[in-house]
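Asks: Let me see the structure of the following:
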Amino acid sequence: MCVYGSLNPPKQELLQASAENNAGCQCAPNPTDYENKNPGAKVGRKAAKAAAFICWNFLSMAVKTAVEDVVPYEALFNVVTPILTNFFPEPSEKRPNPCHDAEAGDWGKCVWQQVQPFVQKYVAHEINGVFDELWQAHILGFGSTLRDIWTVLEGSASQDRFDHYMQSLYHVFNNMNEIAPEFFTDPAMTTTKGIYLEQFAALHISVMSVLFGAAKRFRSSGHRIVFQRHILCYAKQVFMTTTKAKEDRLRKITDYTDQPYTIWCNLILGLRTPCGETDPPGTHWSDAAWGCSAEGTCAWHCVEQAAGQKCPAWPTCTNGEKYLTQPTQHKNCVAEQLNKFWASRLMAVPYWLMAVMEMQHVNVTGTALPEGPLICDW
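Replies: Numbering: from 1, shown residues only. You can find the predicted model right below:
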């Protein structure tokens, strides 16, 4: 419950309730607590970091094995499997249902779907867009192709079949190239695609890493420079949007002074009488983020009262020290939770940068260039 200004003083129980509720900065929950209540959100949030680490490790191995132009099937299988497990989990004896009530065939969708409401807790505005459209139009198809490739690898397929599915993976790469710029057009993260930039980037980089590390035909100097440029585009964009999202959210917490409020007191016979002949100036704080304003603007007020005035219903700026700590506590708490949440979004970036460096040390053949334009404009 948030107390906000009006001509009538708030009841004492409302002031007390406001103090108790705002101590927990309900507008920005602790990410760990949220994940404990929504395990699918936890899987979705950590998928990018997990995939980034796996790809960097795979490329480190490719530096050694690519000298002979052969990457062992087992190594390739071991990188594709966890990527699928993180982005498109399926029922197994070792893995519990990440979304409690999700059907067996919807685990992957549920994990992706829970990212948006999780991010919504830490941005300044309401997110526009429908997740189902993104899922049906793009993500589901990419997952199905990756699953087909995994099936081939699991069955130790012939080299011809392996080459065929590597070509299929290359088509996935090209398809992702075509829609990638759409994820770069929303630096303020106001749309669904803006929210899913990190997950999409991690999946796209995973595809590039597998192609470059496992298939000789996609390991030219031309492929290397394009893959590296793509990865750096994603790293830069994720860093910039993360920083902007945090700054925009904190700017929603504002304060201003000297706005007059008419302060009422109950005097003789319970009649409401203004305190003083003029409205006293006050100091006011508010948190206007969408998560707060959805339930009513969160605000705190104190007033400057002249000597002899007694309006106990409103805290005074000189005598209400305990009440005045609430907006400061709220801002500090929101900032702390934002730091925790957005820091986790950046965890994949160092591994992406190290992947770029590892690619530079892989033995390449030829100078062929991939099809299509770069995904971002430097």
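Asks: CA only for contacts and neighbour counts going forward, please
Replies: Will do.
Asks: Mind picking out the helix or strand in the protein with the poorest mean pLDDT?
Replies: Every helix and strand of the chain was ranked by mean pLDDT, DSSP states H and E. The lowest is helix 12-22, at a mean of 39.
Asks: Residues touching the helix or strand following it, excluding its own?
Replies: Downstream of helix 12-22, the first helix or strand assigned by DSSP states H and E is helix 31-37. Helix 31-37 is contacted by residues Ala41, Lys42, Phe118, Gln337, Lys340, Phe341 when judged by Cα atoms under 8 Å, 6 or more residues apart in numbering.
Asks: Buried among these? Need that as a selection in PyMOL.
Replies: Buried members of those, defined by 16 or more other Cα atoms under 10 Å, are picked up in PyMOL with:
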select buried, resi 41+42+118+337+341
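Asks: Restricted to helices, list the contacts of helix 31-37.
Replies: Those of the contacts of helix 31-37 mapping onto helices are Ala41, Lys42, Phe118, Gln337, Lys340, Phe341, per DSSP state H.
Asks: how much space between the third one and Pro39?
Replies: When you say that, I think you mean Phe118. 11 Å (Cα to Cα, to the nearest Å).
Asks: Tell me which residue is most central in the chain.
Replies: Of all residues in the chain, the one closest to the mean position by Cα atoms, centre = their mean is Val119, 4.7 Å from it.
Asks: shouldn't Val123 be in contact with Glu247?
Replies: No. Val123 is beyond contact range of Glu247, at 9.3 Å (criterion: Cα atoms under 8 Å).
Asks: Counting neighbours, go ahead and name the busier of those two.
Replies: Val123 (27 against 15; other Cα atoms under 10 Å).
Asks: Name the nearest residue to Pro187, sequence neighbours excluded.
Replies: Counting by Cα to Cα, 6 or more residues apart in numbering, Thr241 is the residue found nearest to Pro187 once chain neighbours are left out, at 5.1 Å.
Asks: model confidence over the helix or strand containing the one you found, on average?
Replies: Assessed by DSSP H and E, Thr241 sits inside helix 221-250. Helix 221-250 shows a mean pLDDT of 94.
Asks: for it, which positions count as buried?
Replies: Here helix 221-250 shows 221-235, 237-239, 241-246, 248-250 as buried, counting by 16+ other Cα under 10 Å.
Asks: Repeat that for stretch 101-113.
Replies: Residues of stretch 101-113 classed as buried: Trp107, Gly108, Lys109, Cys110, Val111, Trp112, Gln113 (neighbour count, 16+ other Cα under 10 Å).
Asks: elements contacting the helix holding Thr241?
Replies: helix 197-214, helix 321-345, helix 348-361 (3 or more Cα pairs under 8 Å, 6 or more residues apart in numbering; DSSP states H and E).
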